Each structure stands twice: as structure tokens, then as C-alpha cells.
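**Student:** would you be able to build a 3D model of this:
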Amino acid sequence: MTILVAGATGNVGRPLVEQLVASGQQVRALTRNPQKAKFPAGAEAFAGNLSDTASLAKAFDGVTAAHLISFNGEDYSALTNGEEIVDLAQKAGVRKVTVLKGDTEKSPLEQAIEASNLEWTHLSPVEFMSNALEWAESVKTEGVVREAFAEAKSAMVHEADIAAVAAVALTADGHAEQEYWLTGPQALTPAEKVRTIAEALGREVRYIELSRDEIVEQWRQTGYAQEDIEFFLMMRTNPPEAGYTVLPTVEKVTGKPARTFAQWVRENAAAFNA
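**Tutor:** The predicted structure is shown next:
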């Protein structure tokens with residue numbers, strides 16, 4: 001069985017490739033630049049991306065299961081060629097697919113998959129732990145995190161756990177027509193995240209609370225569009241319950257407890273240290 005992994009150099013795709021190869025699966029890793037990908041031995045690097053249907057003409061050949069993402073990896077907009085992707089997959093004999101969702105609304109790809117005869121599993125992570133890398137530079141240079149909305153909690157999930165759920169759904173039965181909401185084992189406020197970072201790094205890291213106006217200006221200076229800023233504000237001031245509700249999904253699917261934020265920080269300590 002060959003498994004196609006789209007977005008194979010991404011936060012979820014890379015650990016998924018590694019986990020599948022480690023378990024003995026044949027993996028075809030889809031990436032825009034195979035020469036720079038540096039996949040583990042045993043993974044077949046394949047040039048292409050989901051937003052370019054023509055690049056997928058041979059990507060599904062011999063593939064029986066595929067991990068897909070519902071959005072364009074460059075600007076995170078929803079893919080518009082869902083029907084074409086599904087048509088290629090079905091003609092090639094693909095049986096199972098997992099789809100990493102990028103929004104609460106169903107994308108054209110998800111709609112096309114659900115209308116097909118593919119066995120699908122949707123993956124809905126509430127927030128990636130890797131979002132904390134936005135703080136890496138100020139932690140590294142100043143020992144400080146500047147963030148607003150001190151009471152906003154997030155049940156963010158480790159990317160390797162998203163990959164682990166995908167790996168099970170792609171290689172085992174019993175996960176068809178499921179949408180898995182994925183969280184970590186804790187819902188943390190910004191101050192609690194900063195305290196976790198400090199403890200994992202073994203040094204002081206201060207949390208400086210910003211006002212709403214200050215954080216909006218910071219986002220603007222970073223280059224975010226007004227639409228993005230409005231979304232950020234909504235998620236922090238009126239977040240959906242799913243965003244801060246800890247769920248046991250990771251452990252139920254994989255049989256292993258969800259990884260903690262402290263573990264994620266230890267694994268990524270180099271990004272926060274000078």
C-alpha cells in the first residue's frame with residue numbers, strides 16, 4: 001500500500017511522513033521542492049502541490065490512501081479544485097483519505113470528498129502548538145512575550161498528534177465518515193503558556209500584557225490584512241467552545257495520551273534560545 005502525503009514538508013505533513021515510514025508504510029511525499037525536502041530514507045519525494053491540478057496527474061498512481069489539506073499552503077485560502085483532485089484520486093483507485101481542515105466551514109475539497117465513494121476522515125485541530133513560534137524572537141532576544149487577552153484559553157494540539165491520528169485513520173479501519181476535533185491535554189492562557197516556556201527553557205521569561213489597540217497595531221505592523229485581524233479578534237474575544245475544550249480524541253484514536261505544550265517547547269527549545 002502506498003500512501004500519498006500532501007503538504008509533506010508542513011507542520012503536520014513532515015511528522016506524518018516520518019511516522020508512516022517508521023511503521024513500515026510506503027510513502028509518497030508531495031512537495032513543491034523535492035530536492036530541499038530531506039525526507040527520511042524510504043519516502044519517495046514527488047514534485048507537486050494540491051492547488052495545481054496538472055502537477056497531480058501522476059501523483060496518485062498506485063496510491064491507495066492519501067492525506068490531503070483543504071487549503072493552499074501559500075496563502076491558506078481554500079482550495080478551489082476539489083472536484084478535480086477527487087476525480088484523480090478515484091480514477092487511481094484511492095480508497096481512504098484524511099483531510100486537514102483549515103476552517104470550520106466545509107471547503108470545496110471536503111464537499112467533493114463527501115460526495116464521492118472515498119472513505120474520508122476530517123481532521124480539525126483547534127490550534128497548532130507551533131503558533132507559539134511567533135514569540136520565539138522576543139523570548140530569544142529579550143526574555144519577554146507581549147500578548148493581549150490574558151484570559152483567552154486555547155486547547156492547542158501538538159502537530160505530531162495530528163499526524164498520529166491521520167496515520168491511524170489512513171492505515172486502520174473504523175474511522176470513515178468521522179470528523180475528529182483534535183486538542184492537547186490542557187487549555188492554557190497566554191500567561192500559562194509563557195510560564196510553561198520559561199520552565200521548559202530553565203530561565204525567566206516575562207509576560208507583558210498588551211491592550212487590544214496595542215495588539216492590533218502589532219498585527220498590522222506584522223503585515224496581517226484587516227480580514228485576518230478581525231478573525232484574530234473574534235477568536236480571542238468570542239472563541240468557539242471547541243477552541244478551549246479539552247477532548248480525549250487523540251488518545252482514543254491513537255491509544256497514547258496527547259503530547260503536552262511543555263513537551264513541544266522542549267522539542268523546539270532551539271528556536272527560543274540564542
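**Student:** ranges for the helices of the stretch 151-274 of the chain?
**Tutor:** All helices of the stretch 151-274 of the chain, identified by DSSP state H, counting those that start in this stretch, fall at 159-171, 190-201, 212-222, 226-237, 249-254, 261-267, 269-272.
**Student:** quick one: contacts of the third one?
**Tutor:** Okay, so that is helix 212-222. 146-149, 210, 228-229, 232-233 (CB atoms under 8 Å, 6 or more residues apart in numbering). C-betas here are computed from N, CA, C, even on glycine.
**Student:** make a markdown table out of the residues you listed and add distance to residue 113.
**Tutor:** As requested, these are arranged in a markdown table below (distance: CB to CB, whole Å):
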| residue | distance to residue 113 |
| --- | --- |
| 146 | 41 |
| 147 | 37 |
| 148 | 37 |
| 149 | 35 |
| 210 | 41 |
| 228 | 27 |
| 229 | 31 |
| 232 | 29 |
| 233 | 32 |
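**Student:** greatest separation within these: which pair is it?
**Tutor:** Taking every pair in those and measuring CB to CB, the maximum separation is 18.4 Å, between 146 and 228.
**Student:** and among the helices of the stretch 151-274 of the chain, the most buried is which?
**Tutor:** Highest mean neighbour count of those: helix 159-171, a mean of 24 (counted as mean count of other CB atoms under 10 Å).
**Student:** send the alpha carbons of it over as CSV?
**Tutor:** What follows is helix 159-171 as a C-alpha-only set of coordinates in CSV (Å, rounded to 0.1, in the frame of the first residue of the first chain):
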residue,chain,number,x,y,z
GLU,A,159,1.3,18.7,15.3
ALA,A,160,2.8,15.2,15.8
ASP,A,161,-0.5,14.2,17.4
ILE,A,162,-2.5,15.4,14.4
ALA,A,163,-0.2,13.4,12.3
ALA,A,164,-0.6,10.3,14.6
VAL,A,165,-4.4,10.5,14.2
ALA,A,166,-4.0,10.8,10.5
ALA,A,167,-1.7,7.8,10.4
VAL,A,168,-4.2,5.6,12.2
ALA,A,169,-7.1,6.7,10.0
LEU,A,170,-5.1,6.0,6.9
THR,A,171,-3.9,2.6,7.9
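**Student:** average model confidence for that helix?
**Tutor:** Model confidence over helix 159-171 averages 98 on the pLDDT scale.
**Student:** from the contact counts, what lies against it?
**Tutor:** Here helix 159-171 is seen to pack against helix 13-22, strand 63-69, strand 96-100, strand 119-125, strand 178-182, helix 249-254 when contacts are counted using 3 or more CB pairs under 8 Å, 6 or more residues apart in numbering; DSSP states H and E.
**Student:** figure out how far the next helix or strand after the third one is from the centre of its chain.
**Tutor:** This means strand 96-100. Moving toward the C-terminus from strand 96-100, the first helix or strand encountered (DSSP states H and E) is helix 108-114. Chain-centre distance of helix 108-114: 19 Å, with CA atoms, centre = their mean, to the nearest Å.
**Student:** out of the helices of the stretch 151-274 of the chain, flag the one nearest residue 4.
**Tutor:** Checked against CB to CB, the stretch from the helices of the stretch 151-274 of the chain lying closest is helix 159-171, at 9.6 Å.
**Student:** state the distance from residue 125 to residue 236.
**Tutor:** Using CB to CB, to the nearest Å, one obtains 17 Å as the distance from residue 125 to residue 236.
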